[in-house]
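K.L.:
sequence first, then the predicted structure, then my questions.
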Amino acid sequence: MRVAILGFGSVGQGVARMIGEKDLGLTVTALADSRGGIIDPDGIDIPGTFARKSKSGSCGKPRVSAMDVVASGAYDALVEVTPTNIRTGEPAITHIRKALSLGKHVVTSNKGPIALARRDLLALAAKKGVALRYEATVCGAIPIIHTLEHGLLGNEVKGLFGVMNGTCNYILTRMEDEGLTYDQALGEAQEMGYAEKDPTYDVKGLDTALKLVILANTVWGTDRTLADVQVTGIDLITPQAIQLAMDRETAIRLIGEAVPSRNLLRVSPRIIPRNHPLLVAGTLNAVTVVTDMAGELTFIGKGAGSVETASAVIGDLLYIAGST
Amino acid sequence: MKLEMKDTPGQLVRVLEPISACGGNIIAVIHQRDPESESDTLDVQIVLDLPAGRLPSLVDQIKSLGVDILRIGEERLIHRRSLIMIGHIMHTDISDTVDQIDRTGFAEVAELSLMMPAISERSSARITIKTANRADMETAVGILREVAAKKDILVVEPLEDGA
């Protein structure tokens, strides 16, 4: 299957590298980042592209834009992994719409388009007889969407609970382990590359809220948006609060929860017992799914990272390749 | 509660009736006849779960049956939930915060641990609330949430399994 990749940051590079290294039956025929692009129907030289990116800062030629790559049609599946814009979802929504309307499959890690326009985009994909898959939007390497869509067929999903943001989990874990203040732990997370320079999106709980919206809409077929989620972040948590929790064999974690019977979509710091399955350390993610037949299932894994997220993207690509 | 009643047939049933009539749930009835005793009365212990505030009227009803109540054990509030508050807890009148829970009559603050790093900084407190049942707990926590929101205090709640 021929693959076009839009976005050559951490995820895009991970996808390209793994396609280059592993024999998966996938060929990268087009590639673009914010500075330029490259199209080669015979397959792009991936090591050469990495060399060019590190030398010139761009993966391709400045004359070739992301939209040129999408419109070229020189691919079977578009991998949309440009940075998320949570307000407009652009330019990713335009990219995805264009590719779907050309009858191309789309795989994305971009939360903006899925949180804002999931139903429209899925309808367009259905009309064109192609697939739109977005496993990598939620919890990185954990195959939670596949599990909810296929692995739990026949089950009624009663609720979802999860630690879905590695940055917040890292900060809280470090405050707990080392007695750091919030600012100290955040500074450390930024130094380690786990937190952005502007950490608002993560620490205020918005990233978790978007993931919750995507999961809830996927499971229950709803059209919830960010505005439907009660969101409280972790930026006001004190070392004393962490200590008071630890005194009782508990910990504080940022939890996203969706319970349709209580019409609940909420992201908030919560107290959980030390032996709770959602109590994971560092940048790990964990999701508990509550079902009628299978009971409670908890999935733990890496929520971010270049190759880990590429795992989810490639899983979607091969799923599409196998079912078409 | 421990009752003293006449050792005649039907007397125990007559006492149990008003308990269920006022929404009480009888957990155990213990009565032991003392073979040494020559009196015609019987001591009975009843363990029961009663909606908040119903105890005084139940006591009146039982007394009106001519049964003496020897002792009423302490009301046990069996549901406990600990939450953590973060903010200017002292400066926003902590005793008022606690009082808003206590004055409900069905919930009380059983424990409060406060940590203040410095006078001008936000403090943190663990507050433990006790109630007789889960519904009362939800109401009490709801009150705490409202009070905290007005005082700009963040409340960190435990994750209850409620799916």
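P.N.:
Alright, I've got the coordinates. Residues are numbered from 1 along each chain as shown, chains lettered A, B, ... in the order given.
K.L.:
so what are the domain limits for chain B?
P.N.:
Domain ranges of chain B: B:2-71, B:79-156, per automatic domain parsing.
K.L.:
what about the longest one, distance to the chain center?
P.N.:
What it means is domain B:79-156. 17 Å (Cα atoms, centre = their mean, to the nearest Å).
K.L.:
what does chain A put close to chain B?
P.N.:
Chain A comes close to chain B at residues A:158-159, A:161, A:232, A:236-241, A:243-245, A:247-248, A:250, A:252, A:255, A:257, A:259, A:261-262, A:268-272, A:276, A:278, A:290, as judged by Cβ under 8 Å from any Cβ of the partner chain. Placement of C-beta: from N, CA and C, glycine included.
K.L.:
mind giving me the PyMOL command for buried ones among the residues you listed?
P.N.:
Of the residues of chain A next to chain B, the buried ones go into a single PyMOL selection, burial set by 16 or more other Cβ atoms under 10 Å in any protein chain shown:
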select buried, chain A and resi 158+159+161+232+236+237+238+239+240+241+243+244+245+248+250+252+255+257+259+268+269+270+271+272+276+278+290
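K.L.:
the residues of chain A next to chain B in helices, which ones?
P.N.:
Assignment to helices by DSSP state H places the following of the residues of chain A next to chain B there: A:P239, A:Q240, A:A241, A:Q243, A:L244, A:A245.
K.L.:
can you tell me the SS state at the residue lying closest to the fifth one once chain neighbours are set aside?
P.N.:
Read it as A:L244. Nearest non-adjacent residue to A:L244, counting by Cβ to Cβ, 6 or more residues apart in numbering or on different chains: B:R126, 4.1 Å away. Secondary structure, DSSP: H, G, I helix; E, B strand; the rest coil: B:R126 is strand.
K.L.:
quick one on the thing from earlier: can you list the ones in helices among the residues of chain A next to chain B in JSON lines and add pLDDT?
P.N.:
Below are those laid out as JSON lines (pLDDT from 0 to 100):
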{"residue": "A:P239", "pLDDT": "96"}
{"residue": "A:Q240", "pLDDT": "96"}
{"residue": "A:A241", "pLDDT": "97"}
{"residue": "A:Q243", "pLDDT": "97"}
{"residue": "A:L244", "pLDDT": "97"}
{"residue": "A:A245", "pLDDT": "97"}
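K.L.:
what count of nearby residues applies to residue 20?
P.N.:
In the absence of a named chain, this looks at chain A. Using other Cβ atoms under 10 Å in any protein chain shown, the number of residues around A:G20 comes to 18.
K.L.:
the intended chain is chain B.
P.N.:
The number of residues packed near B:S20 is 11, by other Cβ under 10 Å.
K.L.:
before we move on, the earlier item: out of the domains of chain B, deepest packed?
P.N.:
The highest average neighbour count among the domains of chain B, using mean count of other Cβ atoms under 10 Å in any protein chain shown, belongs to domain B:79-156 at a mean of 17.
K.L.:
the residue in the stretch 151-300 of chain A that chain B sits nearest to pairs with what?
P.N.:
Nearest residue of the stretch 151-300 of chain A to chain B: A:G159, at 2.9 Å (Cβ to the nearest Cβ). The partner list for A:G159 in beta bridges (DSSP bridges) reads A:V290.
K.L.:
mean pLDDT and distance to A:T49 added to the domains of chain B, as a markdown table?
P.N.:
Formatted as a markdown table, these follow (pLDDT from 0 to 100; distance: least, Cβ to Cβ, whole Å):
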| stretch | mean pLDDT | distance to A:T49 |
| --- | --- | --- |
| domain B:2-71 | 77 | 71 |
| domain B:79-156 | 93 | 47 |
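K.L.:
please identify which of the ones you listed is closest to A:A115.
P.N.:
domain B:79-156 (25.6 Å; Cβ to Cβ).
K.L.:
can you tell me the closest non-neighbouring residue to the residue nearest the centre of chain A?
P.N.:
With distances taken as Cα atoms, centre = their mean, the residue of chain A nearest its centroid is A:T137 (2.5 Å). Excluding its sequence neighbours, the residue lying closest to A:T137 (Cβ to Cβ, 6+ apart) is A:K111, at 4.7 Å.
K.L.:
for that neighbour, give its distance to chain B.
P.N.:
A:K111 is 24 Å from chain B, where distance means Cβ to the nearest Cβ, to the nearest Å.
K.L.:
my read is that that residue contacts A:L215, right?
P.N.:
No - applying Cβ atoms under 8 Å, one finds A:K111 not in contact with A:L215, separated by 11.0 Å.
K.L.:
which residues do the two both contact?
P.N.:
A:V138 (Cβ atoms under 8 Å, 6 or more residues apart in numbering or on different chains).
K.L.:
am I right that B:V155 sits in a strand?
P.N.:
Yes - secondary structure assignment places B:V155 in a strand (three-state DSSP).
K.L.:
show me what it is bridged to.
P.N.:
Under the criterion used (DSSP bridges), B:V155 bridges to B:M85.
K.L.:
helices of chain A, start to end?
P.N.:
For chain A, helices defined by DSSP H occupy the ranges A:10-21, A:46-56, A:66-72, A:92-101, A:111-128, A:144-146, A:166-178, A:182-191, A:200-203, A:206-220, A:239-246, A:306-323.
K.L.:
re the thing from before, so the residue of the stretch 151-300 of chain A closest to chain B makes contact with A:I255?
P.N.:
No - counting by Cβ under 8 Å, A:G159 does not reach A:I255; the two are 11.7 Å apart.
K.L.:
what about B:P56, distance to chain A?
P.N.:
Applying Cβ to the nearest Cβ, the value for B:P56 to chain A is 35 Å.
K.L.:
tell me the contacts of residue 108?
P.N.:
Chain wasn't specified; assuming chain A. A:V79, A:E80, A:V81, A:A92, A:I96, A:I114, A:L132, A:R133, A:Y134, A:A136, A:T137.
K.L.:
let's do chain B instead
P.N.:
Applying Cβ under 8 Å, 6+ apart, we find B:E108 in contact with B:L77, B:I101, B:D102, B:I129, B:K130, B:T131.
K.L.:
next one, pLDDT for the first one please.
P.N.:
As summarised for this prediction, B:L77 has a pLDDT of 67.
K.L.:
now do the buried residues in the helix or strand of chain A with the lowest mean pLDDT.
P.N.:
Lowest mean confidence among the helices and strands of chain A (mean pLDDT, DSSP states H and E): helix A:46-56, at a mean of 89. Residues of helix A:46-56 classed as buried: A:I46, A:T49, A:F50, A:R52, A:K53 (neighbour count, 16+ other Cβ under 10 Å).
K.L.:
if you count contacts, what does it end up packed against?
P.N.:
Helices and strands touching helix A:46-56, by 3 or more Cβ pairs under 8 Å, 6 or more residues apart in numbering or on different chains; DSSP states H and E, are helix A:10-21, strand A:27-33.
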